[in-house]
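*Asks:* Have a look; sequence and predicted model below, questions after that.
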Amino acid sequence: MQEKSKCLSELLNEECQLVIIKLTEVLSDWYKQAQAAFIQTEILAKDMTQFEKSMSEFLNTLDNSVESYQTDLELLTNELKELHQENKLGGSSRDHEGDDFSVKTLDADFRGNKSKSSPNRGSSREQHAKSMRKGIKDLCVLQEEVWSMVKENADLVNQFQALTLSLFSSEGSPYPPSLNTPEKSESDVSVSGKSE
């Protein structure tokens with residue numbers, strides 16, 4: 001009985017300890033990579049929310065400034081019209097033909113500005129939409145890269161698990177493997193074939 005216990009302790013110390021150490025090293029490396037990918041996605045998500053907030057604030061400020069400019073211009077045009085009407089009533093119409101022309105052109109310019117402001121607003125919204133689409137595309141590309149890294153890590157873990165189980169089975173270990181290994185995918189088979 002003592003000899004068997006000595007045999008078992010020697011096997012555990014010499015054979016299993018090295019395998020367990022290697023397994024822990026591989027798992028720690030995989031965990032570090034997965035943690036780095038997760039932190040990167042978290043940082044990008046925070047950056048996107050901050051960017052959306054700043055863009056919405058900028059659009060609100062721009063809309064408010066355009067509205068205040070248009071109201072000020074409309075008030076100025078109305079005051080000029082009233083002044084022209086008062087001058088027209090007080091004096092001859094011949095003396096104030098130039099004023100009438102200037103008020104009409106100012107009014108026409110104001111209407112033109114109003115009609116032009118809507119396409120400008122639309123173009124700024126189009127630019128905003130383009131920049132948002134570009135940001136979303138960049139996020140999708142990054143997400144694909146992260147998913148490919150996660151898939152590669154999962155494949156590596158499956159290969160390592162298969163190698164460990166084959167090592168235990170080839171050495172004739174008295175302990176049956178406790179893990180039920182899933183069926184190998186095509187990528188597992190191709191990678192394990194390359195490693196052999």
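*Replies:* Cool, got the structure.
*Asks:* where does the protein have low pLDDT?
*Replies:* 91-122, 171-196 (pLDDT under 70).
*Asks:* Swap in 80 and give it another go.
*Replies:* Applying pLDDT under 80 to the chain flags the ranges 1-2, 4, 8-18, 84, 87-88, 90-126, 128-129, 168-196.
*Asks:* Next one: the spatially most central residue of the chain from Met132, what distance?
*Replies:* Nearest residue to the geometric centre of the chain (C-alpha atoms, centre = their mean): Leu139, 3.8 Å. To Met132, Leu139 is 11 Å away according to C-beta to C-beta, to the nearest Å. Where you see a C-beta, it was placed from the backbone N, CA and C, and this is true even at glycine.
*Asks:* what do you get for Leu27?
*Replies:* 39 Å.
*Asks:* before we move on, what about Leu83?
*Replies:* 47 Å.
*Asks:* Then Lys53?
*Replies:* Taking C-beta to C-beta, one finds Lys53 at 13 Å from Met132.
*Asks:* and what of Asp138?
*Replies:* Relative to Met132, and taking C-beta to C-beta, Asp138 is found at 11 Å.
*Asks:* in the protein, which spans are helices?
*Replies:* 2-11, 17-90, 97-170, 186-195 (DSSP state H).
*Asks:* State the number of residues packed around Ser28.
*Replies:* 10 (other C-beta atoms under 10 Å).
*Asks:* so who does it touch?
*Replies:* Contacts for Ser28 (C-beta atoms under 8 Å, 6 or more residues apart in numbering) come out as none.
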